[in-house]
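Undergrad: structure for this input, please:
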Amino acid sequence: MHVALVALPGPELAQTAQEISSLANMDVPHFAIDLTELDAPGRVFQWCVDQRIQVDFLINNAGIAGSSAFEQSDPGYSDERILLNVRALVLLTRYFIPMLKESPGSKILNIGSLSGFFPVPYKSVYAASKAFVISFSKSLAKELEKANIRVTVVCPNGVVSNELSRKRIMTHKFWGKLTTLTSDRLAVLTLDRVEKGNRVYVPLFINRLLLFVEKFIPEKWISHFLEKEFRGELKY
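TA: Here you go, the predicted structure:
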């Protein structure tokens, strides 16, 4: 498949585009933009129109995590997560649906999180934003059935995507090693499930088991365990 990349300004974007271009022998158009800017989703869509890029697979991968005691956090900390994890994802999806309808069998992939199913102290806004993504994706999947657009939301646990995420995951020790996977492995597993038509996908058996067991444990116990488990992330 041909790809078009959108990411924050910086050398990594052009480097990634060049790497893909060299490996696949194709042009890789790329657009540097901060998706938390209010006009960013519309500008991304217009860029695709101007470049004559016909999108038939929209991957809403941009997102930001982090750990913070809510009452001590700067309001901008929460605002950034809402703007990127929720607003940008929703508006990008809305802008691209008419274009996706032009290609039968189009797909949308949204990146959720296992935390979207749980109350997670010190990640309250992040977990809530991913709960939104899960609910939004499931609702949209039903709405777009007749338009022949498939919607998938993937809900991983820990993902080693950079050095900071690795440090956060390491604070969980045994559980971190057991429930985490690399971003490369996540991509392979997820794209396979998208092709199979899954609407909600939770990678790794252990994470699916945690989600099943959670139904039989009082929420007070779960909250107590998660508060202790995620307190260690605050130093990062």
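Undergrad: next secondary structure after the longest helix seen in the chain?
TA: Longest helix in the chain, counting residues (DSSP state H): helix 124-143. Beyond helix 124-143 on the C-terminal side, the first helix or strand identified by DSSP states H and E is strand 150-154.
Undergrad: contacts only, for the closest residue to Arg199 other than its chain neighbours.
TA: Closest residue to Arg199 in three dimensions, ignoring its sequence neighbours and counting by CB to CB, 6 or more residues apart in numbering: Ala141, at 4.9 Å. Using the backbone N, CA and C atoms, a C-beta is placed for each residue, glycine as well. For Ala141, the contact set (CB atoms under 8 Å, 6 or more residues apart in numbering) comprises Arg150, Val151, Thr152, Arg199.
Undergrad: what do you get if the cut-off is 10 Å, keeping everything else the same?
TA: Residues touching Ala141, when contacts are defined by CB atoms under 10 Å, 6 or more residues apart in numbering, comprise Ile108, Asn110, Ile149, Arg150, Val151, Thr152, Val153, Gly197, Arg199, Val200.
Undergrad: of the residues you listed, which is the nearest to Leu13?
TA: Within the set of those, Asn110 lies nearest Leu13; the separation is 21.1 Å, counting by CB to CB.
Undergrad: was I right about the closest one contacting Arg150?
TA: No. Shown here, Asn110 and Arg150 do not form a contact pair, counting by CB atoms under 10 Å, at 11.7 Å.
Undergrad: more neighbours: which of the two?
TA: Shown here are Asn110 and Arg150; by other CB atoms under 10 Å, Asn110 has more neighbours (26 against 21).
Undergrad: adding pLDDT, write the contacts of Ala141 out as JSON lines.
TA: Rendered in JSON lines, the data for the contacts of Ala141 read as follows (pLDDT from 0 to 100):
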{"residue": "Ile108", "pLDDT": "98"}
{"residue": "Asn110", "pLDDT": "98"}
{"residue": "Ile149", "pLDDT": "97"}
{"residue": "Arg150", "pLDDT": "97"}
{"residue": "Val151", "pLDDT": "98"}
{"residue": "Thr152", "pLDDT": "98"}
{"residue": "Val153", "pLDDT": "98"}
{"residue": "Gly197", "pLDDT": "94"}
{"residue": "Arg199", "pLDDT": "98"}
{"residue": "Val200", "pLDDT": "98"}
